[in-house]
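Undergrad: what's the 3D shape of this:
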Amino acid sequence: MAAPQAIAVRQDGGVVHLTLNRPETRNALSLAMVGELRSALAAAQAQGDVRVVVLRGAGGNFCSGGDLKDMAEARSRHGDEGRRVLRNISAAFGHLCEAVAHSPLATVAVLEGTVMGGGFGLACVVDVVLASTTAVFRLPETSLGVVPAQIAPYLVERIGYSQARRLAVSGGHVDGGAAVALGLVHELHAPEQMDAALARVLAQILECAPRAIASTKALMAQALRQPPRALIEVAAQVFVDSVSGEEGVEGAAAFEQRRKPRWAPQ
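TA: All right, here's what the predicted structure looks like:
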């Protein structure tokens with residue numbers, strides 16, 4: 001596979017950092033960037049020693065949304081061809097959101113500066129969101145005459161139907177404090193504190209067992225769409241598998257022996 005051009009990839013132990021690397025566009029999501037992010041995530045999941053993926057933007061901004069050049073180029077095509085290209089652009093981003101949302105790895109986003117449109121959507125699909133006080137969140141699609149189509153389901157899932165509707169009909173513009181209140185952001189920090197906050201969160205995640213994290217995320221995803229009663233037997237089986245599995249046995253032994261389990265940094 002060709003080396004990424006629109007993102008920067010760096011691995012630090014069990015953590016892969018994926019940096020959106022088009023600062024001249026405030027890291028707009030080109031079709032190429034979307035493809036590189038999907039490929040890098042798939043590679044991290046297949047690698048075996050990766051436990052966390054961190055998304056961040058270069059140049060002081062997270063992401064300004066979809067790349068207007070891609071869309072303009074698609075609009076310039078005649079008839080059905082242009083519509084087909086636009087559909088492919090939208091679907092590609094939707095597949096990226098789905099891949100991040102359902103990744104078995106822990107996912108963290110570090111948000112700074114512009115968090116707009118598709119960048120807003122990416123913030124909705126990760127497990128942990130850390131934001132700088134510089135972050136400004138926009139959902140401008142309806143003010144531009146378009147629909148936040150791929151973002152909408154994840155926005156509802158993250159902050160609820162009522163707040164999602166409010167943001168959609170008002171061209172949503174919120175700062176970091178409001179984003180925390182909405183539940184979009186989990187922690188808000190001054191710019192100089194962001195790296196320390198990320199290091200702390202990564203340390204906490206790496207203390208947890210990777211298979212247990214993956215199974216917990218999968219069970220919680222089912223809980224979004226099914227009532228608790230329907231999951232009783234499913235959850236019981238997941239519990240049995242975890243307790244009797246390698247991680248469960250190691251976790252119990254580590255607790256009894258007052259040591260760290262093998263998966264945790266020693």
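
Undergrad: what is the least confident helix or strand in this protein?
TA: Lowest by mean pLDDT, DSSP states H and E among the helices and strands of the chain is helix 68-75, with a mean of 79.

Undergrad: show residues contacting that one.
TA: 28, 30-31, 82, 85-86, 89 (CB atoms under 8 Å, 6 or more residues apart in numbering). No exception for glycine: its C-beta is placed from N, CA and C like everyone else's.

Undergrad: check stretch 221-233 too.
TA: Defining contact as CB under 8 Å, 6+ apart, one finds that stretch 221-233 is touched by 101-102, 157, 219, 234.

Undergrad: hmm, back to that, report the buried members of the contacts of helix 68-75.
TA: For the contacts of helix 68-75, a burial check counting by 16 or more other CB atoms under 10 Å picks out 28, 30-31, 85-86, 89.

Undergrad: got the buried residues for the least confident helix or strand of the chain?
TA: Applying 16+ other CB under 10 Å to helix 68-75 flags 70-71, 74 as buried.

Undergrad: same question, stretch 129-145
TA: 129-132, 134-141.

Undergrad: from these, which land in strands?
TA: The strands, defined by DSSP state E, take in 129-132, 136-138 from the buried residues of stretch 129-145.

Undergrad: if we take those residues, which one ends up nearest to His78?
TA: Arg138 (32.0 Å; CB to CB).

Undergrad: what number of residues lie near the closest residue to that closest one other than its chain neighbours?
TA: Once flanking residues are discounted, Arg138 sits nearest to Met116: 4.3 Å by CB to CB, 6 or more residues apart in numbering. Using other CB atoms under 10 Å, Met116 has 25 other residues around it.

Undergrad: was I right about Met116 contacting Ala135?
TA: No. In this structure, Met116 is not within contact of Ala135 by CB atoms under 8 Å, at 10.5 Å.

Undergrad: circling back: what's the closest of the contacts of helix 68-75 to Leu18?
TA: Nearest to Leu18 among the contacts of helix 68-75, with distances taken as CB to CB, is Ser30, at 14.8 Å.

Undergrad: distance of that closest one from Gly118?
TA: According to CB to CB, to the nearest Å, Ser30 stands 10 Å off from Gly118.

Undergrad: same check on Ser39?
TA: Note on Ser39: its distance to Gly118, by CB to CB, is 17 Å.

Undergrad: for the residue nearest the centre of the chain, give me its contacts.
TA: Nearest to the geometric centre of the chain sits Val126, at 2.8 Å (CA atoms, centre = their mean). By CB under 8 Å, 6+ apart, the contact list for Val126 reads 55, 100, 107-109.

Undergrad: kindly report the same for Leu139.
TA: Contacts were defined as CB under 8 Å, 6+ apart; by that measure Leu139 touches 116-117, 120, 148, 151, 155, 167-168, 171-173.

Undergrad: widest-spaced pair of the ones in strands among the buried residues of stretch 129-145?
TA: Pairwise distances across those (CB to CB) peak at 18.7 Å, for the pair Leu130 and Arg138.

Undergrad: one step back: for Val243, state which of the buried residues of helix 68-75 is nearest.
TA: Ranked by distance to Val243 (CB to CB), these are led by Asp70 at 48.6 Å.

Undergrad: how near is that closest one to Gly118?
TA: Computed with CB to CB, the distance linking Asp70 and Gly118 is 11 Å.

Undergrad: quickly list what's touching both of these two.
TA: Counting by CB under 8 Å, 6+ apart, Asp70 and Gly118 have no contacts in common.

Undergrad: what pLDDT, on average, does the helix ranked longest in the chain get?
TA: With secondary structure taken from DSSP state H, the chain has its longest helix at helix 79-101. Mean pLDDT, computed over helix 79-101, is 91.

Undergrad: ok, which stretches of the stretch 151-266 of the chain are helices?
TA: When secondary structure is read from DSSP state H, counting those that start in this stretch, the stretch 151-266 of the chain shows helices at 152-159, 161-169, 176-182, 194-206, 210-223, 232-244, 246-256.

Undergrad: what does the third one rub up against?
TA: Judged by CB under 8 Å, 6+ apart, the contacts made with helix 176-182 from elsewhere in the structure are 131-137, 159, 163, 174, 185-188.
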